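Q: What follows is a predicted protein model with its sequence.
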Amino acid sequence: MQVGGELSHATITQVLRVPKMKNNLISVSKLISEGFKVEFDKDGCKVNDARRVVVAKAQRDKNLYLLNVKVHKDMAHIANSSDEGAMLWHERLGHLNMASLKKLDAMVDGMNLKEVPLHHICERCIKGKHQLTSFPKDGTTRASQLLEIVHIDVCGPMTTTLHGGARYFLTFIDDFSKKTHVYFLKAKGEAFEKFKQYKVLVENEIDHKIKVLQSDNRGEFVSKKFDAFLAECGIQ
């Protein structure tokens, strides 16, 4: 690889070529191993050869040093490539269709597309244009009034513990209104007591009784105490 500055040029041997990279990355340790001297300051750095001649300069851009070198077309000295495929521009432009991309390539300088196929396969375009079908009607009973059906579920444990020590949350969703109540739990075993609090709260609010409690039959909802309470209240 050959690098050149305004005053001189130099050759670096035993470099790695990565075809998919758009720009070169030059290792300082590699330069030093080749006999160069690299001097850094707050504004940039200079690369000197063994004769103390500056062969390249790099300007500091935040935490990167951008090397300023001349490009010689007859030498494979830089990985920068302007040959970008049509699919890359298709994705950059929000998955623009190829016919419009071909027209744009003729109007805009710098796209450098060698060939724009009119027919192509883009997996993201195919998935994005799929139509969603409705869920089949399975005869599931829906509520016709408030508190006729209440859905209950526990989520957790969460990776972050709340200040009060809770790692779970319990949700109650009224099937008719979709109104949701949320309770925080330190342990799943608190679900029964929270249900009793919820029952008193909502039944007093709207003067309706909970008819059906629907859950995923997990352990926190299946116990003799819980079942006995539901039976006593006439809740299915």
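A: In hand now; what should we look at?
Q: in the longest helix seen in the chain, what's buried?
A: Using DSSP state H, we find that the single longest helix of the chain is helix 191-206. For helix 191-206, a neighbour-count test (16 or more other Cβ atoms under 10 Å) marks Ala191, Lys194, Phe195, Tyr198, Lys199, Val202 as buried. From N, CA and C alone the C-beta is placed, and that goes for glycine too.
Q: mind checking how far that helix is from the chain centre?
A: How far helix 191-206 lies from its chain's middle: 39 Å, per Cα atoms, centre = their mean, to the nearest Å.
Q: can you list contacts of that helix?
A: 146-147, 152, 154, 170, 172, 174, 181, 183, 185, 208-210, 213, 220-221, 223, 225-226, 229, 233 (Cβ atoms under 8 Å, 6 or more residues apart in numbering).
Q: And the next helix or strand past it?
A: Where DSSP states H and E defines the elements, the next helix or strand beyond helix 191-206 is strand 212-214.
Q: Show me the beta-bridge partners of the residue nearest to Gln236 when sequence neighbours are not counted.
A: Among residues not flanking Gln236 along the chain, Val212 sits closest, at 4.7 Å (Cβ to Cβ, 6 or more residues apart in numbering). Going by DSSP bridges, Val212 is paired in beta bridges with Ile149.
Q: What separation do you get for Val212 and Glu203?
A: According to Cβ to Cβ, to the nearest Å, Val212 stands 14 Å off from Glu203.
Q: can you give me the helices for this protein?
A: Under DSSP H, the chain gives helices at 28-33, 86-92, 98-107, 123-128, 191-206, 224-233.
Q: the domain parsing of this structure - what is it?
A: Per automatic domain parsing, the domain ranges recorded for the chain read 2-68, 82-108, 149-233.
Q: what residues are up against Asp175?
A: Applying Cβ under 8 Å, 6+ apart, the residues near Asp175 are Arg142, Ala143, Glu148, Ile149, Val150, His151, Gln214.
Q: Pull out the buried residues from the residues you listed.
A: Counted by 16+ other Cβ under 10 Å, the contacts of Asp175 give Ala143, Glu148, Ile149, Val150, His151 as buried.
Q: looking at it, the third one is touching Lys211, isn't it?
A: This means Ile149. Yes - between Ile149 and Lys211 there is a contact at 6.9 Å, judged by Cβ atoms under 8 Å.
Q: His120 and Met98 touch, don't they?
A: Yes - in this structure, His120 is within contact of Met98 by Cβ under 8 Å, at 5.9 Å.
Q: which of the contacts of helix 191-206 count as buried?
A: 146-147, 152, 154, 170, 172, 174, 181, 183, 185, 210, 213, 220-221, 226.
Q: out of those residues, which one sits closest to Asp41?
A: Within those, proximity to Asp41 (Cβ to Cβ) peaks at Leu185, which comes in at 59.1 Å.
Q: so what's that closest one up against?
A: Val154, Gly156, Ala166, Arg167, Tyr168, Phe169, Leu170, Ala191, Lys194 are the contacts of Leu185 under Cβ under 8 Å, 6+ apart.
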